[in-house]
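Student: pasting the sequence and the predicted model now:
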Amino acid sequence: MTIHSTDPFAVPDKDKSPVRRFRGRLAAPVTLWTTPGPAGLTVSSILVADGDPGRVLGLIDEESDFWDAVAESRRFAVTPLTPADRQLADRFAGLMPAPGGLFATGEWQQTAYGPIPAHAGTWLGCRLDSDRPCGWALLTESIIESVQVGGAAAPLAHFRGRYAELH
């Protein structure tokens with residue numbers, strides 16, 4: 001077995017569109033979206049908008065098990081991940097094996113919006129409002145119905161195809 005220092009499946013820069021290369025130069029938060037079912041997906045294409053009500057916009061792969069489950073339940077939880085959650089992020093992104101299923105390891109707290117990692121102090125409960133095709137994904141717009149804000153843990157970020165820590 002060979003351990004790679006880079007993603008062996010990554011598309012080389014020269015083969016990426018200019019838009020994708022530009023997007024890769026923007027740091028993005030790494031979040032976990034989960035829904036009753038349960039199903040989940042690592043999402044870094046996310047925008048949270050304050051307002052009355054607050055909203056979450058996200059780009060979701062319409063071929064994912066998560067999308068199938070959230071399209072049915074119409075609700076989901078969003079949990080920001082920390083540097084300690086790298087393996088969790090990889091598992092839900094499909095980059096790491098998940099024997100027994102995505103939720104088979106770790107401790108989970110059940111919520112009306114889907115399971116969240118038991119250690120998560122900060123998360124949102126959302127209701128899907130609309131979706132439409134947008135580039136390679138579905139642009140989803142959701143209403144924030146519940147907000148839990150815990151301690152200010154350092155976020156896990158995604159930058160140039162790798163995880164980065166902000167201090």
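Tutor: Done, it's in.
Student: quick one: low-confidence residue ranges for this protein.
Tutor: 1-11, 13, 16 (pLDDT under 70).
Student: quickly note the distance from the residue nearest the centre of it to residue 79.
Tutor: A centroid search over the chain (C-alpha atoms, centre = their mean) returns residue 43, at 2.3 Å, as the residue closest to the centre. For residue 43, the distance to residue 79 equals 10 Å [C-beta to C-beta, to the nearest Å]. In this view, the C-beta of every residue, glycine as well, is placed from N, C-alpha and C.
Student: okay, and the common contacts of the two?
Tutor: 31, 32, 33 (C-beta atoms under 8 Å, 6 or more residues apart in numbering).
Student: is it possible to get CSV of those residues that adds secondary structure and neighbour count?
Tutor: Shown next, in CSV, are the shared contacts of residue 43 and residue 79 (DSSP: H, G, I helix; E, B strand; the rest coil; neighbours: other C-beta atoms under 10 Å):
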residue, secondary structure, neighbour count
31, strand, 26
32, strand, 27
33, strand, 28
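Student: tell me which of the residues you listed is nearest to residue 125?
Tutor: Nearest to residue 125 among the shared contacts of residue 43 and residue 79: residue 33, at 11.4 Å, using C-beta to C-beta.
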